[in-house]
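Student: take this sequence and fold it.
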Amino acid sequence: MIRSQLVRTCLLLVLTLPATAALAQGPPPPLQPLPPPPVPNGNPITAAKTFLGKALFWDEQMSSSRTMACGSCHQPASGGGDGRSRAGRPGVVNPGPDNVFGTPDDILGSPGVVLRNADGSLSSSTVFGAHEQVTGRRSPSVVNSAYAQSLFWDGRAGSAFLDPITDDVLLPNGAALESQAAGPPVSSAEMGHLGRDWANVASRIAASKPLALAARVPSDLSGWIAGRGYADLFAEAFGTPEVTASRIAMAIATYERTQYSTQTPFDSLIAGIQALTQQENQGLQLFGGPAGCAACHAGSLTSDNAYHYIGVRPATEDVGRFAVTNNAADIGAFKTPTLRNVALHGAFFHDGKFTTLAEVVDFYDRGGDFNAPSKDPRIHPLGLNPQQKAALVAFLSRPLTDPRVAAETAPFDRPGLYRESLSVPFVGEDGVAGSGAQTPQLVVIDPPLAGNPEFTVGVYGGLGGASAVLVIDEDPPAAGAIPASGSFARIEATLQGAGDGAGYGSATLAIADDPSLVGRAFYGRWYVTDPQAPGGVAATAVFRMTVFGAGGVGIQALEVPTAGTSTGGTLRLYAGQPNPFRSSGTTIRYALPAASAVRLVVYDVTGRVVKQLQDSPRESAGAHAVAWDGRDESGHTVPGGVYFYRLQSGGAIQTSRVVRVE
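Tutor: Purely as a prediction, here's the structure:
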């Protein structure tokens, strides 16, 4: 009885055609389990190549600034997309086609790098100035991307893979992942610098210690690397030690082919193992029937991997697929994403326009927001009632979420990124204003890694054309007169730009590969000569950096390798339950071996305090539990994504993470 009901329910899902056409041909066959992704001839999957690709995918040293990895924009706990690109978070807005912030065409994109020159010095973007640039489209999910024959929102990464340096055809078909991997490392907005090419990327990787910036590395990956350099890793994966552009792309693509999710409740339904709840099942029937979602979100993958204009924004605002095909029918068309793990995304469509699944359902219910000749005729008002909308959201949530993806467990486990650690230099608030009542601002995000040959500290918002001095010392440099020396560095520069607050510049220095530096703190400040400033000198705030060593030695990690393990045996912290959680909240438990003060704080992935859950001068020994309802200090519900919580007690610190699902 249950088995036949499951099969009948599955039959409601249309595999490739609109519902009306499918019914005219008879019922479609039952859904099949999602198979492993196809693999192109010429780049077979091996364990060594998969490990190498995983290391490269998560290595921030791939970027010119050593602050961005492929994984920075593609995190499993965010459904394989960018968990940073959420409404209300700073530094994630692209002004859109009109280049004006705060207008309707603004885009929630993916933060990349500050515009830089080849020598590491900062340039100035016409849109973002000395801030990190933000891409003009949200990062699509890498999870389950291996099933597509073309990638990016517009499909410009095609099936054939060409050598990034010679343009020779290396893989004639089935290699969209390799083609896509060749793009971001040489983009001056995403990971590169002005004029960067793949020869530069390959030489950077060849000279880097694998995952030198990682605060933690999964044990199997760490065991495989075993202290070896990239040349040795490439030799095991490819037979010889050459680090080349094509090999980098092929290794990353191999790893990405292991990132497919097949353990959702939806998969259990397909297999006839488990039924959905009554509301989820109602949503499934609407999805495959009256709502017509399955016409494009087809089959067990929940995507036709085709391109459609659906009326999210005016079609000519971003022409999408048309830029690739030059076919008028493709104006404004974007790729149909898979809906697997969609509840983890936190923002939706290519521009991040909507931030909840309920908003997405409302959008489709009203038939989109804009019209054009290229609009898909299947996008029209649906007339759904509130109960039907809620049922659709229910089906899109738990049934399509793979718990391994949400919790980032194998094969979706990953290294911790430097930019997620507490070792990113900390900037204070004690600057001194100059001309135009503007206080010069710091740009200091590069890793203070012992051996980093290009540690860049920038300044912007000063008097254009003025002389400036960067001083870094073991003691915080005081505001006022410019110090005559700095124990770590003292570098003079002339700010570019003209006028009040329009000056910018930078200094790039090498941090010696000296073990004695590891763990030592240094303080820095820019001074700008400015007649309108007190004493004739404007100044940035002081920044603090602590030097760490390769392989995470001395890095101030925001999380520990294994949740629930103890540092020094002084206390114990357990994973929140449920995890992931929704509006019902989660409960965080911990145990104290002795009475002590306790502080429990929730952070987001940028290290910003979200909520203080406990701050007690004394708690008794034994087990304790604290509930978190998913709200921040202001009482607002936080976006879906990864959150860290840190327990401090008796001088020991424990950190773990939890995932909120929209």
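Student: average pLDDT for the host helix or strand of Ile588?
Tutor: In the assignment (DSSP states H and E), Ile588 maps to strand 586-592. For strand 586-592, the mean pLDDT works out to 82.
Student: and that strand, what does it pack against?
Tutor: The contact analysis (3 or more C-beta pairs under 8 Å, 6 or more residues apart in numbering; DSSP states H and E) places strand 586-592 against strand 572-573, strand 596-603, strand 622-628, strand 641-649, strand 652-660. All C-beta spots, glycine's among them, are computed from the backbone N, C-alpha and C.
Student: show me the one of those that comes nearest Glu492.
Tutor: Nearest to Glu492, of all these, is strand 596-603, at 37.5 Å by C-beta to C-beta.
Student: and the closest one, what does it pack against?
Tutor: Applying 3+ C-beta pairs under 8 Å, 6+ apart, we find strand 596-603 packed against strand 586-592, strand 609-619, strand 622-628, strand 641-649.
Student: give me the mean pLDDT for it.
Tutor: Strand 596-603 shows a mean pLDDT of 83.
Student: hmm, which helix or strand of the chain has the shakiest average pLDDT?
Tutor: Ranked by mean pLDDT, DSSP states H and E, the weakest helix or strand in the chain is helix 19-24, scoring a mean of 37.
Student: grab the CA positions of the helix or strand that comes right after it and hand them over as PDB.
Tutor: Next in sequence after helix 19-24, counting helices and strands by DSSP H and E, comes helix 47-57. The C-alpha trace of helix 47-57 is given here as PDB (Å, rounded to 0.1, in the frame of the first residue of the first chain):
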ATOM      1  CA  ALA A  47      41.700   9.100  -5.200                       C
ATOM      2  CA  ALA A  48      44.900  11.100  -5.600                       C
ATOM      3  CA  LYS A  49      43.400  13.500  -8.100                       C
ATOM      4  CA  THR A  50      40.300  14.000  -5.900                       C
ATOM      5  CA  PHE A  51      42.500  14.800  -2.900                       C
ATOM      6  CA  LEU A  52      44.600  17.200  -5.000                       C
ATOM      7  CA  GLY A  53      41.500  18.900  -6.300                       C
ATOM      8  CA  LYS A  54      40.100  19.300  -2.800                       C
ATOM      9  CA  ALA A  55      43.300  20.900  -1.600                       C
ATOM     10  CA  LEU A  56      43.400  23.300  -4.600                       C
ATOM     11  CA  PHE A  57      39.700  24.100  -4.300                       C
END
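Student: helix 47-57: which residues count as buried?
Tutor: For helix 47-57, the neighbour count (16 or more other C-beta atoms under 10 Å) marks Ala48, Lys49, Thr50, Phe51, Leu52, Gly53, Lys54, Ala55, Leu56, Phe57 as buried.
Student: before we move on, what about stretch 484-501?
Tutor: For stretch 484-501, burial by neighbour count (16+ other C-beta under 10 Å) applies to Gly486, Phe488, Ala489, Arg490, Ile491, Ala493, Leu495, Gln496, Gly497, Asp500, Gly501.
Student: just the CA trace of that stretch, in PDB.
Tutor: Presented in PDB, the C-alpha positions along stretch 484-501 are these (Å, rounded to 0.1, in the frame of the first residue of the first chain):
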ATOM      1  CA  ALA A 484      60.700  57.900  13.200                       C
ATOM      2  CA  SER A 485      60.900  54.100  13.200                       C
ATOM      3  CA  GLY A 486      58.900  50.900  13.500                       C
ATOM      4  CA  SER A 487      60.300  47.600  14.900                       C
ATOM      5  CA  PHE A 488      58.500  45.600  12.200                       C
ATOM      6  CA  ALA A 489      58.300  48.100   9.300                       C
ATOM      7  CA  ARG A 490      58.200  51.800   8.400                       C
ATOM      8  CA  ILE A 491      57.300  52.500   4.800                       C
ATOM      9  CA  GLU A 492      56.700  55.900   3.100                       C
ATOM     10  CA  ALA A 493      54.300  56.500   0.200                       C
ATOM     11  CA  THR A 494      52.500  59.200  -1.700                       C
ATOM     12  CA  LEU A 495      48.800  58.800  -1.900                       C
ATOM     13  CA  GLN A 496      47.200  58.700  -5.400                       C
ATOM     14  CA  GLY A 497      44.000  60.600  -6.200                       C
ATOM     15  CA  ALA A 498      43.200  64.300  -5.700                       C
ATOM     16  CA  GLY A 499      41.100  66.100  -3.100                       C
ATOM     17  CA  ASP A 500      39.700  65.700   0.300                       C
ATOM     18  CA  GLY A 501      39.100  62.000   1.200                       C
END
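Student: can you pull the pLDDT of Arg3?
Tutor: With respect to pLDDT, Arg3 scores 46.
Student: whoops, I mixed them up, Gln133
Tutor: pLDDT at Gln133 comes out at 96.
Student: can I assume it is in contact with Met191?
Tutor: No. When contacts are counted by C-beta atoms under 8 Å, Gln133 is not listed as touching Met191 (10.7 Å).
Student: what is in contact with those two at once?
Tutor: The contact sets of Gln133 and Met191 overlap at Gly112, Val113 (C-beta atoms under 8 Å, 6 or more residues apart in numbering).
Student: with neighbour numbers in mind, choose between the two.
Tutor: Each of Gln133 and Met191 has its neighbours counted (other C-beta atoms under 10 Å); Met191 has more, 25 against 22.
Student: picking up where we left off before, among the helices and strands packed on strand 586-592, which comes closest to Glu280?
Tutor: Closest approach to Glu280 among the helices and strands packed on strand 586-592 (C-beta to C-beta): strand 652-660, 19.3 Å.
Student: where exactly do the helices run in this protein?
Tutor: Assigned by DSSP state H, the chain shows helices spanning 2-11, 19-24, 47-57, 176-181, 198-206, 219-225, 230-238, 245-256, 265-270, 278-288, 322-325, 357-365, 386-396, 403-407.
Student: mean confidence score for the shortest one?
Tutor: This means helix 322-325. 97.
Student: how far is that helix from where the chain is centred?
Tutor: 27 Å (C-alpha atoms, centre = their mean, to the nearest Å).
Student: kindly report the same for the last one.
Tutor: Helix 403-407 has its C-alpha centroid displaced from the chain centroid by 16 Å (C-alpha atoms, centre = their mean).
Student: contacts for it, please.
Tutor: Residues from elsewhere that reach helix 403-407 (C-beta under 8 Å, 6+ apart): 76-77, 79-80, 143, 261, 263, 341, 344, 409-412, 579-580, 659, 661.
Student: stretch 264-284 spans what distance, first to last residue?
Tutor: Stretch 264-284 stretches 14 Å from its first residue to its last (C-alpha to C-alpha, to the nearest Å).
Student: likewise stretch 320-337?
Tutor: Stretch 320-337 end-to-end distance (C-alpha to C-alpha) = 14 Å.
Student: with stretch 128-147 instead?
Tutor: Distance across stretch 128-147, first residue to last, is 35 Å (C-alpha to C-alpha).
Student: chain center to that stretch: distance?
Tutor: So, by C-alpha atoms, centre = their mean, the centroid of stretch 128-147 is 8 Å from its chain's centroid.
Student: what's the answer for stretch 342-357, then?
Tutor: Distance of stretch 342-357 from the chain centroid (C-alpha atoms, centre = their mean) equals 14 Å.
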